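**Q** next come a sequence and a model predicted from it.
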Amino acid sequence: MLNELAAKINAAVAGANAQVLQAEDAKCESSILVEGTQIHAVCAFLKSSGSMNVLQAISGVDYVEHLEVVYLFAKFDPAAPAQLLLKVRTTDRVNGNFDTISDLFPAANFQERECYDMLGVRFNNHPDHRRILCPDDWQGYPLRKDYVTQKNYNGMEVFPEGKMNMADREFIVRQDMIKKAQEAAAGKVQ
Amino acid sequence: MQDGIALTTLDEFFNWGRKNSLWPMTFGLACCAIEMMATGAAKYDLERFGCGAFMATPRRSDLMIVAGTVTLKMATRVKLLYEQMAEPKYVISMGSCANKGGPYWQHGYHVLKGVDEVVPVDVYVPGCPPRPEALIEGVMTLQKKIANERLLRDKWVKHA
């Protein structure tokens, strides 16, 4: 079913370059990866062709090598219900951006804001492009693997040293990820 | 008794009145607020202790029950609300989150590690969330504290 849909997307949207990503585990769901620049056109096609009619969620993943935005679509049709995981990727951690789909699916408005808030992926032409959960003057994007929390906010200490065991605070795994991401970023600058 | 004379100090008389008419602010942040509502409702009935008149504005209340997780975003507002209350004012920190960050203590980048970082706390009520009995004990502890205050000598009443 996914292969059919990917073929349809490729036929309808030039340059969409849709390909099926097979899930590693049989219990997990396979997904379709499309070109980031064509996400608006692909979603417009999904909506107009009736393949999918509901946007259930937008979420984001940081894989260190690239940032990924995942759109979860559904088709609410008693005769043939369906679900689709649509993914787009960007390797640009500073200015990574996609076109908004909030003009097609109004539900995308807050979801894209959350994605921007947590992962720092920007959405072009978004009607209200602000942070949604963190304060407006918050620094950094908390769900990134290389996120380092700011020391102070508004005169308040985020991690008061007198109150906690600082040595125990960071997971070793996370330290590795931070190091990896910093090396990757340094390599890109050179 | 009608024509009798009761002798007491002015301080004790004031304190008796103040401790039995604590007006908390209607102010909840997270799940602890649900327990606070239960405490105020019929079964636990905080009104028995003269503490059930939840005011909808900081200007009319003299007790702030910080019930729930204080995020850094909210901490600024909590401080503002505390400053808007009229003296003398008291703060009960209810639940682990308000006491010291609770489950967000180690890795929660967004949570203030204890509301005592921004406002002075009188009574800490532990629990996650505390049962209504625990909050009632916290209120009674605060009442004992108020009963021992010397209001007329204190900084609050400067020209008494």
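**A** Received, thanks. Numbering: from 1, shown residues only, chains lettered A, B, ... in the order given.

**Q** which parts of chain A sit against chain B?
**A** Chain A comes close to chain B at residues A:133-135, A:142, A:147, A:149, A:153-154, A:156-160, A:163-164, A:168-169, as judged by C-beta under 8 Å from any C-beta of the partner chain. For glycine as for every other residue, the C-beta is placed from the backbone atoms N, C-alpha and C.

**Q** can you select the buried ones from those residues in ChimeraX?
**A** Here is the ChimeraX command that selects the buried residues among the residues of chain A next to chain B (16 or more other C-beta atoms under 10 Å in any protein chain shown):
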select /A:134,147,149,153,156,158,159
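
**Q** which of the residues of chain A next to chain B fall within strands?
**A** Secondary structure of the residues of chain A next to chain B is defined by DSSP state E; positions in strands are A:153, A:156-157.

**Q** what residue in chain B comes nearest to chain A?
**A** B:Tyr109 (4.2 Å; C-beta to the nearest C-beta).

**Q** what mean pLDDT does stretch B:59-75 have?
**A** Throughout stretch B:59-75, pLDDT has a mean value of 92.

**Q** ditto for stretch A:30-49
**A** Averaging pLDDT residue by residue across stretch A:30-49 gives 91.

**Q** do stretch A:105-116 as well
**A** 93.

**Q** now it: how far from the chain's centre is it?
**A** Mean C-alpha position of stretch A:105-116 versus that of the full chain (C-alpha atoms, centre = their mean, to the nearest Å) differs by 11 Å.

**Q** which of the ones in strands among the residues of chain A next to chain B lies closest to A:Ala7?
**A** Ranked by distance to A:Ala7 (C-beta to C-beta), these are led by A:Tyr153 at 49.8 Å.

**Q** show me what from chain B comes close to chain A.
**A** Checking chain B against chain A by C-beta under 8 Å from any C-beta, the hits are B:72-73, B:75-76, B:100-101, B:105-107, B:109-110, B:112-114, B:117-118.

**Q** just those residues: which are in helices?
**A** Members of these lying in helices (criterion: DSSP state H): B:72-73, B:75-76, B:100.

**Q** most neighbours among those, which one?
**A** Neighbour counts for these (other C-beta atoms under 10 Å in any protein chain shown) peak at B:Leu72, which has 24 neighbours.

**Q** what's that one in contact with, if anything?
**A** A:135, A:153-154, A:156, A:158, B:110-112 (C-beta atoms under 8 Å, 6 or more residues apart in numbering or on different chains).

**Q** now with 7 Å, please.
**A** B:Leu72 is in contact with A:135, A:153, A:156, A:158, B:110, B:112, counting by C-beta atoms under 7 Å, 6 or more residues apart in numbering or on different chains.

**Q** if I look at the nearest residue to the fourth one once chain neighbours are set aside, how far off is B:Gln106?
**A** Spelled out, it's A:Val158. Excluding the flanking residues, the one nearest A:Val158 by C-beta to C-beta, 6 or more residues apart in numbering or on different chains is A:Thr149, at 5.5 Å. Distance, A:Thr149 to B:Gln106, by C-beta to C-beta, to the nearest Å: 12 Å.

**Q** what of B:Phe14?
**A** 44 Å.

**Q** again with A:Leu133
**A** For A:Leu133, the distance to B:Gln106 - C-beta to C-beta - is 20 Å.
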